[in-house]
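[1] Here is the input, now give the coordinates:
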Amino acid sequence: QEGLALLAFLGGLSAGTGMVIVSTLTLSLMIGNHWLTPLWLRGAWSPRRGDAQAAPSDGQPDLRGAVLVQRRVGILAILLLAWAYGRLVAGNDALADVGALSFSALAALAPAIGFALWRPQTPPRAVLSGIIAAVVFWAWLLLVPVLVEARGLQTTWLREGPGGWAVFSPDAFFGLIGWSRLGRAVVVSLFVGIVVTWIVAAWRHSAPRRAAARGLTLDTLREAGRRFLPRETVDAALLGAPATGAVPGALEARLERELAAVLGAASARLLLDAARREVGRDFDTVAAIVGEASQDLRFNQRLLEAALENMSQGISVVDRDLHLVAWNRRYAELFGYPQSLLRVGMPVAELVRYNLRHGWNVEEEVDKRLRHMQAGTPYVSERAFPDGTGGEGMVIEIRGNPMPGGGFVATFTDVTAFRRAEADLIRSNETLEQRVADRTARLDQARADAERANDAKSRFLAAIGHDLLQPLHAAQLFTDALAEQIGNPGQRAAALQIRGALDSTGDLLAGLLDMSRLEAGGLAPQIRAFPLSDVLDPLASEFRALAAERGLAFRYRPTRRWVRTDPQLLRRVLQNFLANAVRYTERGGVLLGVRREGASLRIEVHDTGPGIAPSQQEAIFEEFRRGEGAAGQGLGLGLAIAERIARLLDAPLRLRSRERRGTAFSLSLPAVESSPQETPQSPAQGLAGVRILIVDNDPVALSALRTILESWDCRVAAAADGVSAQRALERDASAQLWLFDYHLDGGDTGVALHTRLSERYGARPTMLLSADGSGEVRRIALEHGLGLLPKPVKALALKSMLRRLLAARSA
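    Predicted coordinates:
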């Protein structure tokens with residue numbers, strides 16, 4: 001029956017394998033969980049910080065890997081021990097003998113199980129001692145003989161006993177010769193385990209009684225007391241104690257009371273019990289624990305006292321019998337309690353009665369407060385306490401809350417300032433409407449005054465600007481005429497210097513007036529489409545001559561592009577750029593040009609001057625700020641005005657500069673298509689023989705204008721008003737150009753005069769001269785198709801404009 005034998009073999013093999021697996025896993029779990037893992041967690045073999053992965057939940061080291069390694073090592077060790085045992089006893093014992101040997105070893109645990117069931121108060125060390133003793137005797141009486149005989153070793157020393165003591169021989173242990181080895185080992189190991197466990201347990205239980213009977217010496221009590229008490233207190237408590245032997249119980253009790261006052265009764269008893277055991281390490285540990293606990297307690301008490309004493313609120317605590325047990329300094333200050341009134345055990349009814357002694361139904365209020373406290377219900381109230389002098393006194397908010405163990409805690413807050421502020425706010429709200437109306441009226445009046453002052457300032461600036469610029473205008477023209485007529489180089493240079501001084505004065509006045517108009521919002525741009533050449537060509541002619549006088553090269557490339565902006569304001573900005581470029585450039589030249597930039601045109605002015613430091617490139621656009629090293633006259637308003645005008649025109653202004661290399665200012669304007677009816681002007685022609693009618697109500701300005709025109713070989717007819725102008729045309733109506741001052745006598749204007757003369761004698765190219773640089777004058781001139789030159793007029797600008805008028809007339 002080979003199949004049946006094979007089936008039986010496979011069944012036995014599977015059963016054996018299962019037993020091995022289950023027993024090995026069980027033993028490895030027991031060894032790991034009850035032996036290795038506790039040692040690991042107590043730190044005996046714990047890994048260094050950072051060696052184990054940190055658990056994401058609580059940050060503790062992750063020991064799963066270590067526990068798995070322990071179990072695997074335990075499995076391996078158990079299998080190796082089983083294999084070694086099998087090799088030692090192979091062929092000698094049957095399976096039943098091996099099982100009996102194992103169960104006899106397990107019997108060594110029986111005393112521990114019995115004590116755990118019937119005497120659970122047995123000390124753990126006694127149980128462990130009994131198990132160890134039982135296992136040692138079992139191994140000597142049974143395991144060692146089995147292993148020795150299995151290997152065929154010499155067994156003489158086993159028969160005769162160690163050292164020849166036959167009574168300790170495993171086979172004749174204390175005369176138990178007729179017993180089997182298994183029975184002898186089981187009985188002896190059980191007996192030894194029980195006896196050892198009982199002896200050790202009895203010794204451990206009697207240790208405290210022995211220590212108590214032994215008493216404490218003077219040195220021990222001094223060491224324990226001085227850890228927590230002053231030296232003087234300990235010496236006084238142990239006064240009269242014998243230097244040797246046990247200290248009397250009365251003195252020991254006196255020291256214990258002193259310690260209890262500091263540490264508490266339980267801690268003092270624990271400390272002295274540790275001292276009686278005379279175990280130094282145990283005593284030091286207990287003393288340290290008690291000391292730390294007492295220090296924490298004292299610290300918390302001091303902290304609580306300091307917090308209560310320094311709180312801005314008053315606090316009082318009453319017990320369940322409604323007697324005062326605690327309070328702070330602020331509580332006494334708020335109510336002005338006499339020092340003799342506040343004491344522990346004071347009935348709270350007396351305190352409430354003292355507080356309400358003025359102006360209250362005392363007994364009714366006292367009963368109400370006491371009912372709240374007795375009922376244990378929270379309450380909040382406010383009381384105004386008169387100060388006794390007829391004043392408002394204090395307003396105190398009282399909050400009471402019951403305590404869990406009985407009693408009541410109340411807080412008292414001085415809310416006087418808050419209530420007064422609240423009352424003031426209520427009064428303020430009640431009068432708010434009237435105050436708002438009053439302030440609105442005052443603001444309206446102030447705004448009206450400011451507007452009148454601003455209008456007055458504008459009128460004043462217009463008047464003073466006209467009156468100041470008129471004589472300056474005449475002086476500049478006279479100087480230009482004088483310079484052209486003088487042949488002597490030295491005298492001509494002096495005349496040019498006078499002209500430069502007058503130009504500087506005119507620039508200062510113009511800058512101040514422009515800044516005033518910009519700040520007042522009185523400069524409104526007149527936006528229209530026009531060819532850039534109308535602005536750039538005259539500027540190029542004017543500054544080409546100025547640059548030549550300074551020995552500088554001036555380059556300009558004409559353009560036929562059109563832009564949409566205010567031509568007069570654009571001219572003002574570019575004139576400032578060019579004037580600065582010519583003024584600050586010592587050698588090299590100046591470039592005026594136009595670049596196309598998408599749908600815009602960028603007008604650029606380059607120079608080869610000293611440049612502007614990066615730290616100064618923002619400051620130069622501020623009022624009354626000039627660049628470092630700037631020489632000559634000036635208030636530092638030119639670039640500030642240019643920057644404001646650029647913003648007014650919505651024309652981005654950019655500055656690029658490198659020190660000792662030069663500076664470039666640029667202005668971007670929207671480009672437009674040229675109008676079909678507008679064609680480029682014909683080339684400029686000379687002024688010799690040109691017949692010009694000039695009208696100005698200022699005789700000096702009129703004479704200066706006539707002088708400069710006649711110096712250019714023009715044929716001039718001069719008039720002071722409209723009537724004189726009409727008479728001049730009646731005598732000779734062949735005047736080719738008309739130059740009229742805008743403001744004439746009798747409320748007349750150059751525009752009105754142009755209209756009247758045009759209706760009678762036909763329209764002629766006309767140029768208006770005005771010291772009023774407001775936007776209104778420019779708008780009127782633009783509406784009537786008239787040119788406009790601001791006073792003071794520069795000779796080069798006047799000559800350029802006259803040529804343009806002639807070109808327009810001939811076109």
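[2] and S800, how far is that from L546?
    To L546, S800 is 12 Å away according to C-beta to C-beta, to the nearest Å. To be clear about C-beta, it is placed using only N, CA and C from the backbone, and glycine gets the same treatment.
[3] my bad, S189
    Distance, S189 to L546, by C-beta to C-beta: 128 Å.
[4] which one of the two has more residues nearby?
    Using other C-beta atoms under 10 Å, the more surrounded residue of S189 and L546 is S189, with 27 against 19.
[5] Could you tell me whether the more buried one really is in a strand?
    No: counting by DSSP: H, G, I helix; E, B strand; the rest coil, S189 is not found in a strand; it is helix.
[6] What pLDDT is listed against it?
    Note for S189: predicted pLDDT of 83.
[7] Over to L297?
    62.
[8] How about V146?
    You'll see V146 listed with a pLDDT of 74.
[9] same thing with R555?
    Per-residue pLDDT puts R555 at 93.
[10] ok, now P170?
    Listed pLDDT for P170 reads 69.
[11] and T663, helix, strand or coil?
    Put simply, T663 is strand when judged by three-state DSSP.
[12] per-residue confidence for it?
    For T663, the model assigns a pLDDT of 92.
[13] now the strands: where do they sit in the stretch 501-650 of the chain?
    Listed in chain order, the strands of the stretch 501-650 of the chain (DSSP state E, counting those that start in this stretch) span 528-531, 553-556, 562-565, 589-597, 600-607.
[14] Give me the buried positions along the first one.
    Of the residues in strand 528-531, those scored as buried under the neighbour-count criterion (16 or more other C-beta atoms under 10 Å) are 529-531.
[15] Same check on stretch 326-345?
    In stretch 326-345, counting by 16+ other C-beta under 10 Å, buried: 326-328, 330-332, 334-335, 337.
[16] Then stretch 731-751?
    Going by 16+ other C-beta under 10 Å, stretch 731-751 has these buried residues: 735-744, 748-751.
[17] Give me the distance between the two termini of stretch 552-567.
    By C-alpha to C-alpha, to the nearest Å, the extent of stretch 552-567 from end to end equals 27 Å.
[18] Figure out how far that stretch is from the centre of its chain.
    Chain-centre distance of stretch 552-567: 52 Å, with C-alpha atoms, centre = their mean, to the nearest Å.
[19] and after whichever strand or helix holds R302, which helix or strand comes next?
    Here R302 sits within helix 280-309, counting by DSSP states H and E. Heading C-terminal from helix 280-309, the first helix or strand you meet, by DSSP H and E, is strand 314-318.
[20] Adjacent strands (with direction) for that next one?
    Strand pairing for strand 314-318, using DSSP bridges, gives strand 324-327 (antiparallel), strand 408-414 (antiparallel).
[21] Need the residues that contact it.
    Contact with strand 314-318 is made by 308, 324-328, 330-335, 348, 351, 373, 403, 407-413, as judged by C-beta atoms under 8 Å, 6 or more residues apart in numbering.
[22] Tabulate the strands of the stretch 501-650 of the chain in CSV, adding columns for distance to E783.
    Listed next are the strands of the stretch 501-650 of the chain as CSV, based on distance: least, C-beta to C-beta, whole Å:
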stretch, distance to E783
strand 528-531, 11
strand 553-556, 31
strand 562-565, 17
strand 589-597, 28
strand 600-607, 26
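[23] Let me know which of the ones you listed is the nearest to G722.
    The closest of those to G722 is strand 528-531. By C-beta to C-beta, the value is 28.8 Å.
[24] who are the neighbours of the closest one, in terms of helices and strands?
    Applying 3 or more C-beta pairs under 8 Å, 6 or more residues apart in numbering; DSSP states H and E, one finds that strand 528-531 makes contact with strand 562-565.
[25] circling back: quick one: which of the buried residues of strand 528-531 is nearest A599?
    A529 (14.1 Å).
[26] For the closest one, give the beta-bridge partners.
    Assessed by DSSP bridges, A529 has beta-bridge partners R564.
[27] give the contact list for it.
    A529 touches 562-564, 672, 675, counting by C-beta under 8 Å, 6+ apart.
[28] cool, and L143?
    Contacts for L143 (C-beta under 8 Å, 6+ apart) come out as 101, 105.
[29] From L182, how far off is it?
    If you measure L143 against L182 using C-beta to C-beta, the figure is 11 Å.
[30] How about G722?
    Separation of G722 from L182 (C-beta to C-beta) stands at 155 Å.
[31] okay, the two: which has more neighbours?
    Applying other C-beta under 10 Å to G722 and L182 shows that G722 carries more neighbours, namely 22 against 16.
[32] which residues of the stretch 551-700 of the chain score low on pLDDT?
    Residue ranges of the stretch 551-700 of the chain with pLDDT under 70: 624-636, 675-685.
[33] and which of the buried residues of strand 528-531 is nearest Y761?
    For the buried residues of strand 528-531, the residue nearest Y761 by C-beta to C-beta is F530; the value is 28.0 Å.
[34] Surely that closest one is in contact with W562?
    Yes: here F530 lies in contact with W562, judged by C-beta atoms under 8 Å, at a distance of 6.6 Å.
[35] Break this structure down into its domains, please.
    The record, using automatic domain parsing to delimit domains, assigns the chain the ranges 215-305, 311-425, 524-672, 691-810.
[36] Helices of the stretch 601-750 of the chain, start to end?
    638-648, 699-711, 722-731, 750-761 (DSSP state H, counting those that start in this stretch).
[37] now those helices as CSV including distance to R64?
    What follows is those, written out as CSV (distance: least, C-beta to C-beta, whole Å):
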stretch, distance to R64
helix 638-648, 73
helix 699-711, 106
helix 722-731, 112
helix 750-761, 102
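[38] Can you say which of the ones you listed is nearest to E2?
    helix 638-648 (114.3 Å).
[39] quick revisit: mind listing which of the buried residues of stretch 326-345 are in helices?
    Among these, the members found in helices (DSSP state H) are 330-332, 334-335.
[40] Can you tell me which of these is closest to F478?
    Comparing those against F478 with C-beta to C-beta places R330 closest, at 90.6 Å.
[41] Roughly how far does that closest one sit from A307?
    Distance, R330 to A307, using C-beta to C-beta: 12 Å.
[42] out of the strands of the stretch 501-650 of the chain, nearest to L443?
    Of all the strands of the stretch 501-650 of the chain, strand 562-565 sits nearest to L443, with 37.9 Å by C-beta to C-beta.
[43] Packing partners of the closest one?
    Contact partners of strand 562-565 among helices and strands, from 3+ C-beta pairs under 8 Å, 6+ apart: strand 528-531, strand 662-672.
[44] Listing partners with orientation, what would you give for the last one?
    Counting by DSSP bridges, the strands paired with strand 662-672 are strand 562-565 (antiparallel), strand 600-607 (antiparallel), strand 653-658 (antiparallel).
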